[in-house]
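Enquirer: I'd like to go over a predicted model; first the sequence, then the structure.
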Amino acid sequence: MLSKYFVMRNTMKNKKPPFEITNQIVALVAEIAELVGRLTSTNQLSANPTLRRTNRIRTIHGSLAIEQNTLTLEQVTAVLNGKTVLAPPKDIAEVKNAYEIYERLDELDPYSADDLLLAHGIMTRGLVEESGMFRTRPVGVVDNEGRVLHFGTLPQYVPDLVMELLDWVKTSDVHMLIRSCVFHYEFELIHPFADGNGRVGRLWHTLLLSKWNPAFAWLPVESIIHGRQQEYYAAINASNDAGESTVFIEFMLSAIKTSLMDAINTSDAMSDGKADKATMRWKLIGEFLQTHEHIMNADVRELCGVSPATANRILASFASDGKIVKCRESSHWVYKLA
């Protein structure tokens, strides 16, 4: 059954999106701001291209998996490394499209409807008829189990409502952490596209956050959402029932906080402050091998900031412990998970 809110959404204009800034939201914003300061002060994320790529792959896998893409994290990695993967062509195309637009994140204007359409066009290229354009037909919004959550805004109102939402995000004096969550919810509520709304909505949330702090371009928040998928849809449902996005804001801020804490734990390990070197190094190598088929000396040098000789000793030690095995590929020695 449609709430009064959805009926009003099709006709009301020039209104601030409804939400409340609760004590929990205020506390989460403060905690996230502190965590961002801790993360950026270490410079580990910005200085480590291998870690950034690993996070980007986790982001893409998480966002697509929410939409029932069947590729595993390892298969997504293989596709992006140019390997042949036996999987539905549609799923492979989704991975390639998503990677392309995430790699162009810094080119996008988060307040531009044209850039939003451009992003949708790349994300859905070759996959949907109305790629890169607002939908022209009514649509129902369903969760991952096919249950109808609500019906999207009538198509004749979509362009104006999207532009009004982008204008509100640009001009509001509400903290960007909150604004980006409100955008995410309102965008999914409007459901401006025939397909790809979830993927583009999460991309745009990341884009907005990255304009507030560049570190967010490389944080795999989408991976956290995938791990808490039922909570994600429950938060959307609860906000739908309430007619405002407060519950969804609280959920998303908690997911952002979790993603930051994970990144800081990795950064702390890399600085030797919270774990011995062996533990820290295995954490980095183990995470690398979750998104790559193998690891080489050069990878270990970049991940751990060590010399070639030390990288060889690290690999030999973990091979001796039975965690990895040494294999010959072409003219190179590589190591794979045991």
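Expert: Received it, and whenever you're ready, just let me know what you need. Numbers count the residues shown, from 1 in each chain.

Enquirer: doesn't Leu149 belong to a strand?
Expert: Yes: when the secondary structure is assigned by DSSP: H, G, I helix; E, B strand; the rest coil, Leu149 falls within a strand.

Enquirer: confirm for me that it is in contact with Ala238.
Expert: No: counting by C-beta atoms under 8 Å, Leu149 sits too far from Ala238 to count as a contact (10.8 Å). Where you see a C-beta, it was placed from the backbone N, CA and C, and this is true even at glycine.

Enquirer: mind giving me the domain split of this structure?
Expert: Using automatic domain parsing, the domain ranges for the chain come out as 4-269, 277-337.

Enquirer: quick one: residues contacting Ala65.
Expert: Applying C-beta atoms under 8 Å, 6 or more residues apart in numbering, we find Ala65 in contact with Leu71, His226.

Enquirer: and it, what element?
Expert: helix 49-66 (DSSP states H and E).

Enquirer: same check, this time on His120
Expert: Applying DSSP H and E as the criterion places His120 in helix 113-123.

Enquirer: buried residues in that helix, which are they?
Expert: Applying a neighbour-count criterion of 16 or more other C-beta atoms under 10 Å, one finds Ala113, Asp115, Leu116, Leu117, Leu118, Ala119, His120, Gly121, Ile122, Met123 buried in helix 113-123.

Enquirer: next, count neighbours for Gly146.
Expert: Summarising burial for Gly146: neighbours were counted as other C-beta atoms under 10 Å, giving 6.

Enquirer: give me the neighbour count for the nearest residue to Arg58 once chain neighbours are set aside.
Expert: In space, Arg58 comes closest to Pro220 once its chain neighbours are excluded; the distance is 4.0 Å by C-beta to C-beta, 6 or more residues apart in numbering. Residue crowding around Pro220 was assessed by other C-beta under 10 Å; the count is 22.

Enquirer: contacting residues around Pro220?
Expert: Going by C-beta under 8 Å, 6+ apart, Pro220 touches Asn55, Arg56, Arg58, Thr59, Gly62, Ser259.

Enquirer: check Arg228 too.
Expert: Taking C-beta under 8 Å, 6+ apart as the criterion, Arg228 is in contact with Phe251, Ala255.

Enquirer: so what's the residue count around the closest residue to Thr70 other than its chain neighbours?
Expert: The spatial neighbour of Thr70 that comes closest, neighbours along the chain excluded (C-beta to C-beta, 6+ apart), is Asp91 at 5.4 Å. Other residues near Asp91 come to 18 when the count uses other C-beta under 10 Å.

Enquirer: could you shift the numbering so residue one becomes 20, and keep it that way?
Expert: All right, first residue 20 from here; so that's Asp110.

Enquirer: now do the helix or strand encompassing Asp110 against helix 132-142, angle only.
Expert: Element membership of Asp110 [criterion: DSSP H and E] is helix 108-122. Relative orientation of helix 108-122 with respect to helix 132-142: 140 degrees, computed using axes from the mean of the first three to the mean of the last three C-alpha atoms, to 10 degrees.

Enquirer: what separates helix 108-122 from the chain centre, distance-wise?
Expert: If you compare the mean C-alpha spot of helix 108-122 with that of the full chain, they lie 14 Å apart, counting by C-alpha atoms, centre = their mean, to the nearest Å.

Enquirer: what helices or strands is it leaning on?
Expert: In this structure, helix 108-122 packs against helix 68-85, helix 92-99, helix 132-142, helix 216-231, with contacts taken as 3 or more C-beta pairs under 8 Å, 6 or more residues apart in numbering; DSSP states H and E.

Enquirer: quick one: buried residues of the longest one?
Expert: Meaning helix 68-85. Neighbour-count burial for helix 68-85 [16+ other C-beta under 10 Å]: 69-70, 72-85.

Enquirer: do the same with the shortest one
Expert: Of all the residues in helix 92-99, those buried under the rule 16+ other C-beta under 10 Å are Leu92, Glu93, Gln94, Val95, Thr96, Ala97, Val98, Leu99.

Enquirer: can you tell me which residue sits nearest the middle of the chain?
Expert: In the chain, the C-alpha closest to the average C-alpha coordinate belongs to Glu241, at a distance of 3.0 Å (C-alpha atoms, centre = their mean).

Enquirer: so it: helix, strand or coil?
Expert: Secondary structure, three-state DSSP: Glu241 is helix.

Enquirer: show the contacting residues for it.
Expert: The neighbours of Glu241, taking C-beta under 8 Å, 6+ apart as the test, are Arg77, Thr78, Ile79, Gly81, Ser82, Ile85, Arg221, Thr225.

Enquirer: then Met271?
Expert: Residues counted as contacts of Met271 (C-beta under 8 Å, 6+ apart) are Cys200, His203, His224, Ala254.

Enquirer: next one: the last one from Arg144, what distance?
Expert: Computed as C-beta to C-beta, to the nearest Å, the Ala254 to Arg144 distance reads 30 Å.
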